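1. need the 3D shape of this:
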Amino acid sequence: MPHGVRSILYMGILDRLGVGKRASDFLASSIDLGVTSPWASGEHSLTQVVLSDIYGAELIDSLPLSRAEAITIPAVSKARNLLVSTIAKFPLRALDTAGLVAVQPSWMFRTNGNVTPYERMVWTVDDGIFYGYALWLVERGAPDSSGRRPILHAAYCPMSDWKIVDGGILVHDQPVDAADVIFFNFPFEGLLNIANRTLKGARDQEAAWVGRARNPIPLIELHQTDDAMDTTEIPAFVDAWSLARRSENGAIGYTPSGLEIRTHGEVSADLMVEGRNAVRTDVGSFLNVRASMLDGTAGVDSLTYSTTQGEKNSFYEFDLPFWTDPIEARLSMDDVLPRGQRSRFDKYEAYNLPTATGPIQED
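-> Residues are numbered from 1 along each chain as shown. Prediction:
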């Protein structure tokens, strides 16, 4: 999400928290402050290269992937898109013992900025997926007769703008009152924190099949049978041969005398297919999403029978509540809704069956 759009959404709340001016100055500045996280992605990835020179490539390779890197893995992107698009479309509703509350809190269905409630929920779930928690900033009104200050506006706060220090929440490095935020703590440590090995394996798996697609058959060794080449000549010769193999006429090559082509077998195509399917299954296992919903397949025996509709129903019944229940529970707390009320996603359209139609019959 563009930083400017996010700032428009919750700048008013930041002003009330006493950190808005600082944030405004920061966002308006075009000066590179030069102080960034060493794990930042994009143009700052050069920092990791420098660290690898200092600490060694093995240490850097053991560090978690960033969200920007993880989202490029197709299975992760598929699972993330499925969860956020499914959950964010459900409207939030306030209920009490009699059913729907007559006057619904306005923050549930609108915002004071350019970011819609749909986008607010998308990025809330996104943070839950990758980090295991998310944060909203809230603006409260004047105290009512009971002394409670109702929420007037709620805005999603990006992960880059806040952190937890000594049990307290800092927004733009400034402490905020607990009443001014809603902290979502998902029952999951975050994909970036616990699935590092799987994510890096998925990345390597993708790099492997891309490499084999560029050089499909087979693994090649250029073996020299006469005088050995100089160590500075070998990389240039290998690069030239590899470039020729990827050309339009790469199926035909020429070797001079004294050079022998040795092949070392070919990786089965099934291994690539099975490996990529295993990645989808593993990512789905981490995120509590069945493989069939990620266009993957799970190993089943001949006695197992499943249908597309059955898998969809199981997704809504068993998989999705893992993500929706924590949000509903947090928004049902007394600091969000009055005591005796609770928050629920309205899933009527997802569960409502179409009107049955049959042959015309006489009344």
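2. just for the stretch 201-350 of the chain, where's the confidence low?
-> 212-223, 225, 245-254, 258, 263-271, 298-306, 350 (pLDDT under 70).
3. hey, where'd the helices end up in it?
-> With helices called from DSSP state H, counting those that start in this stretch, the stretch 201-350 of the chain shows them at 233-245, 269-287, 308-314, 321-330, 348-351.
4. turn the ones you listed into TSV, including mean neighbour count.
-> Where C-beta positions appear, they are placed from N, C-alpha and C, glycine not excepted. Shown next, in TSV, are the helices of the stretch 201-350 of the chain (neighbours: other C-beta atoms under 10 Å):
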stretch	mean neighbour count
helix 233-245	12
helix 269-287	17
helix 308-314	12
helix 321-330	17
helix 348-351	10
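5. who wins for proximity to A94 among those?
-> Checking the helices of the stretch 201-350 of the chain against A94 by C-beta to C-beta gives helix 321-330 as the closest, at 10.9 Å.
6. who touches the closest one?
-> Outside of helix 321-330, the residues within contact range by C-beta atoms under 8 Å, 6 or more residues apart in numbering are 83, 87, 90, 121, 124-125, 128, 182-188, 288, 336, 342-345.
7. about what we covered before: distance to D177 for the helices of the stretch 201-350 of the chain - can I get that in CSV?
-> CSV is the format used below for the helices of the stretch 201-350 of the chain (distance: least, C-beta to C-beta, whole Å):
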stretch, distance to D177
helix 233-245, 60
helix 269-287, 33
helix 308-314, 42
helix 321-330, 17
helix 348-351, 36
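8. for Y156, find the nearest of these.
-> Across the helices of the stretch 201-350 of the chain, closest to Y156 is helix 321-330 (C-beta to C-beta), at 12.2 Å.
9. tell me the angle the closest one makes with helix 269-287.
-> Calculated by axes from the mean of the first three to the mean of the last three C-alpha atoms, to 10 degrees, helix 321-330 forms an angle of 20 degrees with helix 269-287.
10. rewinding a little: what's the closest of the helices of the stretch 201-350 of the chain to D144?
-> Shortest distance between D144 and the helices of the stretch 201-350 of the chain, using C-beta to C-beta, is found for helix 321-330: 21.7 Å.
11. rewinding a little: give me the buried entries from the contacts of helix 321-330.
-> Among the contacts of helix 321-330, those buried by neighbour count (16 or more other C-beta atoms under 10 Å) are 83, 87, 90, 121, 124-125, 128, 182, 184, 186, 188, 288, 336, 342-345.
12. these in strands, which ones?
-> Filtering the buried ones among the contacts of helix 321-330 for membership in strands, criterion DSSP state E, returns 182, 184, 342-345.
13. closest to G296 among those residues?
-> Distance to G296 across these (C-beta to C-beta) is lowest for F345, with 26.2 Å.
14. per-residue pLDDT of N112, please?
-> Among the per-residue scores, N112 holds a pLDDT of 88.
15. and it, how many neighbours?
-> Other residues near N112 number 18, with proximity taken as other C-beta atoms under 10 Å.
16. can you tell me how far it is from A228?
-> Distance, N112 to A228, by C-beta to C-beta, to the nearest Å: 73 Å.
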